[in-house]
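J.: Compute the structure for the input listed below.
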Amino acid sequence: MPQIPLHYVDLRTFCYATEDEKRVEEALRTFLPEEFDIERVESEGHYGDRILVLSARVENADDVRHVLARLADLESFDRLIDELDDRVTENTELFLRLDKQAAFGGDIRLGDGITFRAKVEAYPAKKDQAVENAEDVLTRLRDEA
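T.: Next up, the predicted model:
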């Protein structure tokens, strides 16, 4: 894939007190290049329970390609392309929610648990242009898979 019209990709998930931190990290790493740094921030839930926020920002073009290549394994990839108008914001950001449990098992599915946010390049910075650019990159990704 020659040009990637994404400035960066942010991936984030929460590790609740009832979850195994290593498993949650492994689920997040399903999308990341090997040895990629994950930021950890501790927070507190409503009842004082510990919540660990795991996040990673992927900015290097090769690393973004890696994340996108993992998305190519998405079971409902065509549905994702059809829903781009709803998934791209006026701020030219593409949002997805990915299934954390499936990711732990190595499967890529839309669902709950991992938030995927990508800043789409768009000149001018308008939603319509961002949707077009996102559709172009995802269609190329699907066709290459």
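J.: Strand partners (parallel or antiparallel) of the longest strand along the chain?
T.: Scanning the chain for the longest strand, with DSSP state E as the assignment, gives strand 6-16. If you go by DSSP bridges, strand 6-16 pairs up with strand 50-58 (antiparallel), strand 113-120 (antiparallel).
J.: Could you list the buried residues of that strand?
T.: 6, 9-15 (16 or more other CB atoms under 10 Å). In short, each C-beta sits where N, CA and C put it, glycine included.
J.: what do you get for stretch 133-145?
T.: Applying 16+ other CB under 10 Å to stretch 133-145 flags 133-134, 137-138, 140-141 as buried.
J.: In JSON lines, list these along with pLDDT.
T.: Putting the buried residues of stretch 133-145 into JSON lines (pLDDT from 0 to 100) gives the following:
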{"residue": "N133", "pLDDT": "94"}
{"residue": "A134", "pLDDT": "94"}
{"residue": "V137", "pLDDT": "91"}
{"residue": "L138", "pLDDT": "91"}
{"residue": "R140", "pLDDT": "88"}
{"residue": "L141", "pLDDT": "84"}
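J.: JSON lines please, covering these and showing distance to D62 and secondary structure.
T.: Below are these laid out as JSON lines (distance: CB to CB, whole Å; DSSP: H, G, I helix; E, B strand; the rest coil):
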{"residue": "N133", "distance to D62": "19", "secondary structure": "helix"}
{"residue": "A134", "distance to D62": "19", "secondary structure": "helix"}
{"residue": "V137", "distance to D62": "15", "secondary structure": "helix"}
{"residue": "L138", "distance to D62": "18", "secondary structure": "helix"}
{"residue": "R140", "distance to D62": "16", "secondary structure": "helix"}
{"residue": "L141", "distance to D62": "15", "secondary structure": "helix"}
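J.: which one is the spatially most central residue of the chain nearest to, not counting chain neighbours?
T.: The chain has F116 as the residue nearest its centroid, 2.6 Å off, counting by CA atoms, centre = their mean. Excluding the flanking residues, the one nearest F116 by CB to CB, 6 or more residues apart in numbering is L96, at 4.0 Å.
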